[in-house]
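K.L.:
got a predicted structure plus its sequence, pasted below:
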Amino acid sequence: MKEYINTDTRTTKSLLKTYIGLINAAGKQKKILIRSLIYTVISSCLFGVSLVLLYPLFAALETKNVTATVTHLIIVVVLLMGSFIFKVLCERYDADGYSTLAVTELREKLGNKLRHISLDYLSQFRSGEINYLMMQSVNEAAVFTFMLLNIIITGVVVPLSAAIALFFYSWQLSLMMFLVFPMAIPLYLWRRKAYRRGFSILAEANAKLKGEAVEFVQGLDVLKSTGQTEEKMTEFIKVTTDVANILRIGTKKGEKPNLIITIVIQVGLILIISLGAYLVNAATISYLLLASVLLIVARSTDVLNYFVQMSSMLESLVIGYEKLQELLNAPSLPEKKAEIMPDHYNIEFERVNFSYRGQDKYVLKDISLQIPEKALTALVGASGCGKTTITKLILRFADVKSGSIKIGGIDIRDMSQSQLMSLVSVVFQDVYLFQDTIINNIRMAKLSASDEEVIEVCKQANCHEFIQNFRDGYQTQLNDIGKSLSGGERQRISIARAILKNAPILILDEPTAALDTENELAVQKVINKLVQGKTVLVIAHRLSTIIGAEQIVVIDKGEIVESGTHQQLLQQNGIYNEFWYLQQN
Ligand SMILES: Nc1ncnc2c1ncn2[C@@H]1O[C@H](COP(=O)(O)OP(=O)(O)OP(=O)(O)O)[C@@H](O)[C@H]1O
């Protein structure tokens with residue numbers, strides 16, 4: 001459990017800043033949220049004052065003064081009704097679906113951010129963590145904020161307004177209320193710090209648990225095949241136990257300050273009663289006023305205690321929201337919209353240096369490279385030499401540290417993301433298929449494509465036949481990770497997407513590496529068709545698949561060491577030649 005301690009470096013923000021931050025989570029609904037919270041303030045004020053006005057009502061009843069009784073009764077009823085009406089008006093925020101709108105807006109904001117953030121930055125998060133932020137933290141920030149702020153406002157405003165109103169009947173008792181209840185505030189702030197630390201540790205452990213859970217499920221087949229399920233399960237159980245222990249210890253630690261705050265509130269109650277009894281005895285106030293004050297204090301302590309309980313929940317919510325804010329404030333890749341789009345599609349790397357986040361050594365060093373259009377360029381090199389990084393930079397998953405990448409003479413940083421994406425199709429080694437029908441999984445490359453168009457590209461990509469063999473054909477639902485399709489089938493679906501998109505540049509990241517010979521031949525045939533007339537960049541492990549390439553570029557430890565055609569490279573007698581002969585045996 002030690003690994004969770006000291007993981008949180010965030011400082012505790014002032015209460016006001018915290019609450020303002022949370023209100024901002026409502027986005028466009030902020031104004032309506034503030035209006036609803038103002039309704040809560042009014043409702044609580046009216047309620048607090050109505051409690052105090054019970055005293056003149058009781059007094060009128062005792063003296064059997066009918067006019068005064070009726071007048072005060074009407075006033076109390078009107079105040080209570082007013083309080084109720086404002087409460088109902090405030091609740092409309094939830095009832096009219098504004099909190100749901102806030103959730104949608106926040107999720108959209110996060111989704112947009114994820115689209116524009118550098119994937120290099122994003123790689124520091126575990127997938128389970130992003131999932132947690134996207135689902136739970138967003139929900140908590142947008143829905144629970146309203147509920148909790150309501151409780152907190154009621155907890156503070158009811159006793160406060162009652163104390164002010166009481167001043168007109170007994171300044172001594174009013175002063176007592178003013179003295180006793182604010183005492184809970186420094187205690188609350190003290191508890192807040194302790195709680196915050198506890199909740200930070202818990203949030204960290206929870207994020208780890210979510211990450212472990214996602215990885216455990218996603219990697220189940222690998223774990224099974226390597227006989228590691230037992231070990232991973234033990235790890236998983238350890239994190240679950242850690243979370244339970246942290247929660248238990250946290251609750252235990254939180255008990256003490258909670259108890260002290262409750263005691264302070266109860267002692268306050270006793271003090272007020274004692275002072276009231278003394279004042280009645282000294283004939284300064286009537287026993288009826290004391291009775292009314294008891295009612296007020298009892299009711300106020302109820303709401304205050306509720307506030308104390310709920311404010312700890314707020315702390316956990318704030319931590320989640322702050323993590324969310326961190327992600328929302330993460331730097332986006334600067335984007336410009338190009339006035340003119342390229343009319344030719346060669347790709348040019350000019351003295352490109354690149355390192356991943358947090359690394360001080362470049363993984364690509366001084367790369368200058370011309371990838372001509374209407375030709376096939378292949379990248380080869382040992383594992384980890386930087387081939388995939390080169391393709392990622394063309395897709396602008398991150399920006400170069402120095403140098404530039406141009407398409408048709410235009411720097412990719414001077415294009416918007418959608419402009420760049422309209423120029424490039426990618427077939428990755430790992431094909432991601434969405435939990436949707438096959439046809440929709442392909443159509444996502446061009447949303448306006450008709451069914452006939454999709455079927456036509458599937459024929460070209462050699463996947464029409466196997467799709468038709470499914471009972472539901474193109475309407476077959478795929479599960480979330482596309483496990484029901486073989487590697488070759490998934491690869492061909494990805495190629496069908498690329499054909500449908502028909503972008504002038506095509507990047508193929510080891511498209512046949514994971515396939516058996518039969519599938520490899522089928523996919524290779526499709527790729528050969530696809531290459532015609534496009535700028536094609538392919539990462540290849542099997543050199544036999546790129547013999548015909550116009551240009552083969554050999555990378556070693558992030559640097560270009562050789563380039564030329566297959567024949568030229570064989571004659572150079574260098575690394576390529578070595579690779580080639582190694583693969584022949
Ligand atoms: N997100 C990342 N964060 C930090 N380092 C990374 C990241 N992705 C890759 N690297 C490192 O950058 C270097 C180049 O990786 P890259 O994936 O480009 O190699 P590659 O030639 O494509 O390898 P392979 O043939 O095994 O796929 C490697 O040392 C790798 O560990």
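P.N.:
All right, it came through fine. This is a predicted model, so every value here is computed, not measured.

K.L.:
for the stretch 301-450 of the chain, what lies in contact range of the ligand?
P.N.:
Applying Cβ under 6 Å from any ligand atom, we find that the stretch 301-450 of the chain lies next to the ligand at 356, 363, 381, 383-389. From N, CA and C alone the C-beta is placed, and that goes for glycine too.

K.L.:
got a quick ChimeraX command for the buried subset of the residues you listed?
P.N.:
Listed next is the ChimeraX selection for buried residues among those, using 16 or more other Cβ atoms under 10 Å:
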select :363,381,385,386,387,388,389
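
K.L.:
residue ranges of the helices in the stretch 301-450 of the chain, please?
P.N.:
Along the stretch 301-450 of the chain, counting by DSSP state H, counting those that start in this stretch, helices occupy 387-394, 417-423, 438-443.

K.L.:
what's the closest of those helices to Gly82?
P.N.:
With Cβ to Cβ as the criterion, Gly82 lies closest to helix 417-423 of these, at 52.9 Å.

K.L.:
for the helices of the stretch 301-450 of the chain, which one ends up most surrounded?
P.N.:
Across these, averaging neighbours per residue (mean count of other Cβ atoms under 10 Å) puts helix 438-443 on top, at a mean of 23.

K.L.:
tell me what the helix or strand following that helix is packed against?
P.N.:
Toward the C-terminus, helix 438-443 is succeeded by helix 451-460 as the next helix or strand (DSSP states H and E). Other elements packing on helix 451-460 under the criterion 3 or more Cβ pairs under 8 Å, 6 or more residues apart in numbering; DSSP states H and E are helix 438-443, helix 464-468, helix 487-501.

K.L.:
could you give the number of residues near the residue in the stretch 51-200 of the chain that the ligand sits nearest to?
P.N.:
Of all residues in the stretch 51-200 of the chain, Ser123 sits closest to the ligand, with a separation of 4.3 Å (Cβ to the nearest ligand atom). Around Ser123 sit 13 other residues, with neighbours defined as other Cβ atoms under 10 Å.

K.L.:
likewise for Leu173?
P.N.:
The tally of other residues near Leu173 (other Cβ under 10 Å) stands at 24.

K.L.:
kindly report the same for Tyr474.
P.N.:
By other Cβ under 10 Å, neighbour count at Tyr474 equals 19.

K.L.:
SS state for it?
P.N.:
Following DSSP: H, G, I helix; E, B strand; the rest coil, the label given to Tyr474 is helix.

K.L.:
distance of it from Lys446?
P.N.:
Using Cβ to Cβ, to the nearest Å, we find Tyr474 at a distance of 15 Å from Lys446.

K.L.:
if we can go back for a sec, in TSV, list the helices of the stretch 301-450 of the chain along with mean pLDDT.
P.N.:
Compiled in TSV, those are given as follows (pLDDT from 0 to 100):
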stretch	mean pLDDT
helix 387-394	93
helix 417-423	88
helix 438-443	90
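
K.L.:
among those, which is nearest Ile296?
P.N.:
Closest of these to Ile296 is helix 417-423, at 60.1 Å (criterion: Cβ to Cβ).

K.L.:
which strands and helices sit next to that closest one?
P.N.:
Short answer (3+ Cβ pairs under 8 Å, 6+ apart): helix 417-423 packs on no helix or strand.

K.L.:
hmm, who's touching it?
P.N.:
Around helix 417-423, the neighbours that count as contacts under Cβ atoms under 8 Å, 6 or more residues apart in numbering are 115-116, 333, 335, 337-338, 341-342, 345, 395-396, 407, 412, 503-505.

K.L.:
nearest to Glu452, of these?
P.N.:
Among those, Ala503 lies closest to Glu452 (Cβ to Cβ), at 20.8 Å.

K.L.:
and what about that closest one, helix, strand or coil?
P.N.:
Using three-state DSSP, the three-state assignment for Ala503 comes out as coil.

K.L.:
let me see the contact set for it.
P.N.:
Applying Cβ under 8 Å, 6+ apart to Ala503 gives the contacts 422-425, 534.

K.L.:
tell me, how many residues neighbour Thr18?
P.N.:
Here the number of neighbours of Thr18 (other Cβ under 10 Å) works out to 19.

K.L.:
for the ligand, see how far away it is.
P.N.:
Taken as Cβ to the nearest ligand atom, to the nearest Å, the spacing of Thr18 relative to the ligand amounts to 34 Å.

K.L.:
that's a strand at that residue, yeah?
P.N.:
No - with three-state DSSP as the criterion, Thr18 is helix rather than part of a strand.

K.L.:
residues near the nearest residue to Met415 once chain neighbours are set aside, how many?
P.N.:
For Met415, ignoring the flanking residues on the chain, the nearest one in space by Cβ to Cβ, 6 or more residues apart in numbering is Ala338 at 4.5 Å. Burial of Ala338, expressed as a neighbour count using other Cβ under 10 Å, amounts to 16.

K.L.:
check Arg471 too.
P.N.:
Applying other Cβ under 10 Å, we find 6 residues neighbouring Arg471.

K.L.:
tell me the SS of it?
P.N.:
When the structure is reduced to helix, strand and coil (three-state DSSP), Arg471 reads as coil.

K.L.:
from Arg351, how far off is Gln136?
P.N.:
Relative to Arg351, Gln136 is positioned 45 Å away (Cβ to Cβ).

K.L.:
pretty sure Val138 sits against Leu110.
P.N.:
Yes - contact criterion Cβ atoms under 8 Å: Val138 and Leu110 qualify, at 6.6 Å.

K.L.:
of these two, which one has the most company?
P.N.:
Taking other Cβ under 10 Å, Val138 and Leu110 do not tie; Val138 has more neighbours (24 against 18).

K.L.:
residues from the protein in reach of the ligand?
P.N.:
For the chain, the residues in contact with the ligand under the definition Cβ under 6 Å from any ligand atom are 120, 123, 356, 363, 381, 383-389.

K.L.:
among these, which are in strands?
P.N.:
Residues of the residues of the chain next to the ligand located in strands (DSSP state E): Gly381.

K.L.:
what's the longest helix seen in the chain packed up against?
P.N.:
With DSSP state H applied, the helix covering the greatest number of residues in the chain is identified as helix 229-281. In this structure, helix 229-281 packs against helix 171-180, helix 184-218, helix 220-225, helix 287-328, with contacts taken as 3+ Cβ pairs under 8 Å, 6+ apart.

K.L.:
and the angle for that helix with helix 287-328?
P.N.:
Interaxial angle, helix 229-281 versus helix 287-328 (axes from the mean of the first three to the mean of the last three Cα atoms, to 10 degrees): 150 degrees.

K.L.:
now helix 229-281: mean pLDDT?
P.N.:
When the per-residue pLDDT values of helix 229-281 are averaged, the result is 76.

K.L.:
again, but for stretch 32-45
P.N.:
For stretch 32-45, mean pLDDT rounds to 94.

K.L.:
got the buried residues for it?
P.N.:
32-33, 36-37, 39-45.
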